[in-house]
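Student: Using only what follows, build the 3D model:
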Amino acid sequence: MRTGTAPSLAKSDLPKPEPNLSVAGVLLAGGLARRMGGGDKCLRKLGGKTLLEHVIDRAGPQVGALLLNANGDTARLSAFGLPIAGDVVEGNAGPLAGVLTGMEWAVAEAPDCSWVVSFATDAPFLPEDLVARLKRAVEEDGADVACASSGGRVHPVFALWPVRLHGELRHAMVEEGVRKVDVWTGRYNLAVADFPVTPFDPFFNANSPEDLETAASLLE
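Tutor: Numbers count the residues shown, from 1 in each chain. Below is the predicted model:
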């Protein structure tokens, strides 16, 4: 497991990394948003834009292809202009189902992408160099998977996954009933890319109306 720090602020003055064309991104928007009162948490507004728009603005330039993972009627999300796919495992199976959805979509629709990176859609300040840092962590450690961390906390939904493991993940979810990300990643060599929390944590996520108020103050 590797750690390390490098400048990565919410509003960085550093040049943005070029998109990694071997990586497809999957935006995880399949949660139930209970603490937000239900509905699509990613469609809540922050500074005149939805949370999802903030995430797309930061995630899109980092990858070669981008998929929105969301369940239910896709018409409500069509204005974002992205391909949309519901979970390939039924029963609100959590973020691993979104990761598997992204992997299987990449196999069918983005065959040039050998990696999938997952993004939570309630983190409007995610690092603009997230993909580059995760890819570097995998390469330097010879790891299978890489995830982000900050402030002493690991963020398993901000992670880089090799598409080649899609069959093993499907088996783990369907045949073994695996649902927790750390249970599955525990089977592999995991690298960790650590990000600083100054001036604030770039993985701050808006889980409640109060969090949205905090995010608005950070945005200012």
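Student: tell me, what residue is most central in the protein?
Tutor: For the chain, the residue sitting closest to the mean C-alpha position, by C-alpha atoms, centre = their mean, is F119 at 1.2 Å.
Student: For this protein, just list every one of the strands.
Tutor: Using DSSP state E, the strands of the chain run over 20-28, 45-46, 49-50, 63-69, 84-85, 115-120, 145-150, 153-162, 190-195.
Student: just these: most buried one?
Tutor: Burial of the strands of the chain is given as mean neighbour count (mean count of other C-beta atoms under 10 Å); strand 115-120 ranks first at a mean of 26. Every residue, glycine included, has its C-beta placed from N, CA and C.
Student: chain center to it: distance?
Tutor: 4 Å (C-alpha atoms, centre = their mean, to the nearest Å).
Student: Parallel or antiparallel, list what pairs with it.
Tutor: Strand 115-120 pairs in its sheet with strand 20-28 (parallel), strand 153-162 (antiparallel), by DSSP bridges.
Student: Quick one: those strands as JSON lines, columns for mean pLDDT too.
Tutor: Below are those laid out as JSON lines (pLDDT from 0 to 100):
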{"stretch": "strand 20-28", "mean pLDDT": "97"}
{"stretch": "strand 153-162", "mean pLDDT": "97"}
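Student: Now do the buried residues in the helix or strand bottoming out on mean pLDDT in the chain.
Tutor: When each helix and strand of the chain is scored by mean pLDDT, DSSP states H and E, helix 209-219 comes last, with a mean of 88. Across helix 209-219, burial judged by 16 or more other C-beta atoms under 10 Å covers D211, L212, A215, L218.
Student: Give me the pLDDT for the residue nearest to the centre of the chain.
Tutor: Looking at F119, its pLDDT is 98.
Student: Alright, I will stop here.
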